[in-house]
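> this is a predicted model, with the sequence first.
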Amino acid sequence: MDPASSATPRTFGFALLCALGLIATPATAGDRIAMRVEVYGLMGLHVLTLNTSVEEAGDRYAINTHYATTGVAGLVVDQTTRATTVGRLTPASALPELFRSETRRNGVERRDQVDYRPDGSVEGSSTKIAFDTASAATRGTVDNLTAYFRLERQLAAKGTCALTVPVFDGRYRYDLVFADAGKRALSPEGGQRLEGPAVACRMTRQDRGTADQEQSEGAKQGTFWYAPLLPGGVVVPVRMQLETQIGTVDAYLAELHGRGVDLDLMK
């Protein structure tokens, strides 16, 4: 769960790409963690499969994510998106250097790219520009994948979700505002065989530019649950509930691989 069309699949895709950069789970040096998330819409219909991996080596990180619409959603909008970001690790945070995204939607391709410079300025390009890349509002921004990576590193280091991250993904400028939402004992749900304690983070997206129809169809808010499924007390996102224009959608961690852990939570 970008973290940006038809309302149903684009809502899931944008929400999960811009809001599932959250899959970028902190790893030890040289580690690679891979996750698969399954997404369900109204009436429990399966609409999206998302795969993400994160690698760390020294003070460097790389996040790669891919999603594609499936089932009924794929009949309405056939969309595939791949995105990657690379950057530098800092204590309890991260600084991106390059973000790239490629989307193919009903046969039409779109490419976005952003270079994040050390002085805080950015240079972005997109098949369809929706925000002035030279605007002062883009200074100090990060990509949507890094935004959630920052959240997870802070949560692991400080135990709190309270964080505001300015985001620019090559097209849109917005803030992701996170807040603590308490703790909960999870039980099996939605076909996911998982139970145990989890920490909830509440997300609200605040647009900083003129939103077009495509952006406005993304999730404006949602709740993400993190659970300690990896060694060393590292938490991973296990469930997500997003509030969209077409109602509430749910996402579940289906597979987790890395740091000696191999979990298959959904058949």
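Cool, got the structure.

> tell me, how many residues neighbour residue 126?
Per other C-beta atoms under 10 Å, the neighbour tally for residue 126 reads 18. To be clear about C-beta, it is placed using only N, CA and C from the backbone, and glycine gets the same treatment.

> do residue 137 as well
The tally of other residues near residue 137 (other C-beta under 10 Å) stands at 14.

> over to residue 122?
Close neighbours of residue 122, defined as other C-beta under 10 Å, add up to 23.

> test my guess that it contacts residue 115.
Yes: here residue 122 lies in contact with residue 115, judged by C-beta atoms under 8 Å, at a distance of 6.5 Å.

> and stretch 101-110, which residues are buried?
Buried positions in stretch 101-110, judged by neighbour count with 16 or more other C-beta atoms under 10 Å: 101-103, 105.

> between the residues you listed, which sits nearest residue 206?
Nearest to residue 206 among the buried residues of stretch 101-110, counting by C-beta to C-beta, is residue 101 at 21.1 Å.

> quickly find the element holding that closest one.
Per DSSP states H and E: residue 101 is located in strand 93-105.

> so for that strand, mean pLDDT?
Here strand 93-105 scores 91 as its mean pLDDT.

> that strand pairs with which strands?
strand 79-90 (antiparallel), strand 108-116 (antiparallel) (DSSP bridges).

> from the middle of its chain, how far away would the lengthiest helix in the chain be?
Longest helix of the chain, by residue count under DSSP state H: helix 144-158. Averaging C-alpha positions (C-alpha atoms, centre = their mean, to the nearest Å) puts helix 144-158 11 Å from its chain's average.

> could you say what helices and strands that helix packs with?
Helices and strands touching helix 144-158, by 3 or more C-beta pairs under 8 Å, 6 or more residues apart in numbering; DSSP states H and E, are helix 7-19, strand 60-69, strand 79-90, strand 93-105, strand 163-168, strand 173-186, strand 196-207.

> okay, these, which one's buried deepest?
Neighbour counts (mean count of other C-beta atoms under 10 Å) averaged over each of these peak at helix 7-19, with a mean of 27.

> thinking again about what came up before, mean pLDDT lowest where, among the helices and strands packed on helix 144-158?
Here the helices and strands packed on helix 144-158 differ in mean pLDDT, and the lowest is helix 7-19 at a mean of 41.

> need the next SSE after it, C-terminal direction.
Per DSSP H and E, the first helix or strand lying C-terminal to helix 7-19 is strand 32-40.

> before I go, just wanted to say thanks for your time.
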